[in-house]
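Q: can you look at this prediction? I've put the sequence above it.
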Amino acid sequence: MRPHGFIILFALAIVVVGAEECNDVIDNHLGTKTPYRVVGNLNHNRIEYSGCVPQKIWMLSRHGTRNPSREYIDVMKGRLSELKRAVLESDNELINSDLQLFEKWKVNLENDDEKLLTTEGANEMVLLAERMQARFPDILSNVYSNTSYQFKFTHTKRAKSSAHYFAIGLFGKLTAKDVWFPEPSTRDPILRFYKLCNKWRKTVKKNPDSLAELKKFKDSEIAGIIVANMEKKLGLKENALTFDDIQYMFITCAFETAWSRKKKSPWCTVIDLETSRYLEYAEDLKYYWIDGYGYNITYRQACPAFGDMFNHLDDPEPYPRAVLYFTHSGTLLKMIAHLGLYRDEEPLLADNMNENRQWKVSKIDSFGTNLAFVGFKCKTGKKVLLLHQERIVRFPFCPDTDLCDLSRIKEVFTESLDQCNFEDFCETNQKY
């Protein structure tokens, strides 16, 4: 059980955020399944700086909105369908319109649909490409050339489809058919470096201690309160639900919100805004310790991807002008941590939730998350603009300017660039 101080913290958090609730909705707190339309900068404004000319771009994008895994499809067809029936048969607190949503709810997914890019995911990529082209037309020409463009994606259908739809956004459907995409590798050292890092897989990914804070949270008093409140709301008997059940509802709410801008998920109707913030925090705990700042090796291993970016922008050769990579959540989060972005002063802990924390995967790792490094040639030398979710983000070591000197980046990341001994610190020759 957690100390009573955590309950006090819970109450204080409600007071602190209460004034903002009128401007907040659950869509903003859906963790890594948050739809990109909620977090992305959706304007088309051209980005220009006096005395500087944009020359190159290196962009890393997470695939767009997808279907769940096969295992989670089974959860939806099994446990959640069972809970749906229980809710409809119970004396619950739901209003008629919400009950009607439950009556209509069904799972229209088969195992072969697992993790495929959805229509919304395709649209995310098309629109993302169009906006980036509008911002940097001198780099992202609508005339395709395999000299100017270098595309690459991981060995997954969702990443391949994301690259294809991004190409449609740049060149149109007819030209996109002729874009050359290299054959993806199952062991890509840039796009999925963590798959090759044996030491990380052993000491972090497969280490139960990495999920210790999440487990503490799931065993805490507040988690128990959340479960009890949900049982009451749904008219279920005591101990009918577990915290895992609440998370299943939350994840399904997130998926179904991401899939459709118009249809409302019944599972979202039973999760209030206050509860969504705590379910969001549970996800933040997981990803902070598995993919973020929890362990040094997690973000240190991103040095091959960082080096690929730097070498592209530093290369005096003008081509390719655009390097466009399509990958996954694990790559983006580790790269974000490698850059030192969204780092809180204190580590994320089960009993110390800070509503104003920077590490919120709902904001920094939604579907379609992207990092773009744009190289500029300025009168004073080469500079780099960093965009995250299409918003300008200043490097932590260049806090006073949007454009950071490439030489300054090299200075700060000397170890990452010159001592990226990936095979050694990842113990790639070891089998665990």
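A: Ah, there it is. Numbers count the residues shown, from 1 in each chain.

Q: in the protein, what spans have low per-residue confidence?
A: Flagging of the chain using pLDDT under 70 yields the residue ranges 1-22, 431-432.

Q: longest helix in it, by residue count?
A: Secondary structure of the chain per DSSP state H: the longest helix is helix 273-291.

Q: residues contacting whichever helix or strand comes after that helix, please?
A: For helix 273-291, the following helix or strand on the C-terminal side (DSSP states H and E) is helix 296-300. For helix 296-300, contacts defined as C-beta atoms under 8 Å, 6 or more residues apart in numbering pick out 194, 197, 199-200, 203-204, 290-293, 334, 337-338, 416, 425-426. Any C-beta I mention is one placed from the backbone N, CA and C, and that applies to glycine too.

Q: residue 211 against residue 290, yeah?
A: Yes. If you go by C-beta atoms under 8 Å, residue 211 and residue 290 touch, sitting 7.5 Å apart.

Q: who has more neighbours out of those two?
A: Taking other C-beta atoms under 10 Å, residue 211 and residue 290 do not tie; residue 290 has more neighbours (21 against 15).

Q: let me see the contact set for that one.
A: Residue 290 neighbours (C-beta under 8 Å, 6+ apart): 204, 205, 210, 211, 298.

Q: burial measure for the second one, as a count.
A: Spelled out, it's residue 205. Residues lying near residue 205 (other C-beta under 10 Å) number 15.

Q: also the first one?
A: Counted with other C-beta under 10 Å, the burial measure for residue 204 works out to 21 neighbours.

Q: from residue 82, how far out is the residue of the chain most remote from its centre?
A: Distance from the C-alpha centroid of the chain, by C-alpha atoms, centre = their mean, peaks at residue 91 (38.0 Å). Remark: distance between residue 91 and residue 82 (C-beta to C-beta, to the nearest Å) = 18 Å.

Q: could you report the distance from residue 326 to residue 59?
A: Counting by C-beta to C-beta - residue 326 and residue 59 are separated by 9 Å.

Q: of the two, who's got more company?
A: Each of residue 326 and residue 59 has its neighbours counted (other C-beta under 10 Å); residue 326 has more, 30 against 21.

Q: isn't there a helix covering that one?
A: No. Read with DSSP: H, G, I helix; E, B strand; the rest coil, residue 326 is strand and lies in no helix.

Q: now the common contact residues for residue 211 and residue 290.
A: In terms of C-beta under 8 Å, 6+ apart, residue 211 and residue 290 are not both contacted by any residue.

Q: residues contacting the closest residue to residue 269 other than its chain neighbours?
A: In this structure, residue 269 finds its nearest non-sequential neighbour in residue 98, 4.2 Å apart by C-beta to C-beta, 6 or more residues apart in numbering. Residues near residue 98 by C-beta under 8 Å, 6+ apart: 266, 269, 270.

Q: my guess is the last one contacts residue 248. True?
A: Right, residue 270. No. The criterion here is C-beta under 8 Å, and residue 270 misses it with residue 248 at 11.8 Å.

Q: of the two, which one has the most company?
A: Each of residue 270 and residue 248 has its neighbours counted (other C-beta under 10 Å); residue 270 has more, 23 against 20.

Q: ok, the more buried one - contacts?
A: Per C-beta under 8 Å, 6+ apart, neighbours of residue 270: 94, 98, 230, 233, 234, 249.

Q: quick check: helices, which of these are part of them?
A: Judged by DSSP H, the contacts of residue 270 include 98, 230, 233, 234, 249 as members of helices.

Q: residue 33 versus the second one, what's the distance?
A: In other words, residue 230. According to C-beta to C-beta, residue 230 stands 19 Å off from residue 33.

Q: show me which of those two is the more surrounded one.
A: residue 33 (25 against 20).

Q: which ones are touching the residue nearest to the more buried one when sequence neighbours are not counted?
A: Spatial nearest neighbour of residue 33, excluding adjacent residues (C-beta to C-beta, 6+ apart): residue 254 at 3.4 Å. When the contact criterion is C-beta under 8 Å, 6+ apart, the partners of residue 254 are 30, 31, 33, 34.

Q: can I get the longest strand along the chain as CSV, trimmed to CA atoms?
A: The longest strand of the chain (DSSP state E) is strand 52-62. Only the C-alpha atoms of strand 52-62 are listed here, as CSV (Å, rounded to 0.1, in the frame of the first residue of the first chain):
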residue,chain,number,x,y,z
CYS,A,52,20.1,32.0,-43.8
VAL,A,53,19.2,29.5,-46.5
PRO,A,54,17.7,26.1,-45.7
GLN,A,55,19.7,23.4,-47.4
LYS,A,56,19.1,20.0,-45.9
ILE,A,57,16.7,18.1,-43.7
TRP,A,58,17.0,14.8,-41.7
MET,A,59,13.7,13.7,-40.4
LEU,A,60,12.8,10.8,-38.1
SER,A,61,9.1,9.9,-37.9
ARG,A,62,7.1,7.3,-36.0
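
Q: report all helices and strands that that strand contacts.
A: For strand 52-62, the elements it packs on are helix 119-135, helix 303-314, strand 322-327, helix 329-339, strand 370-378, judged by 3 or more C-beta pairs under 8 Å, 6 or more residues apart in numbering; DSSP states H and E.
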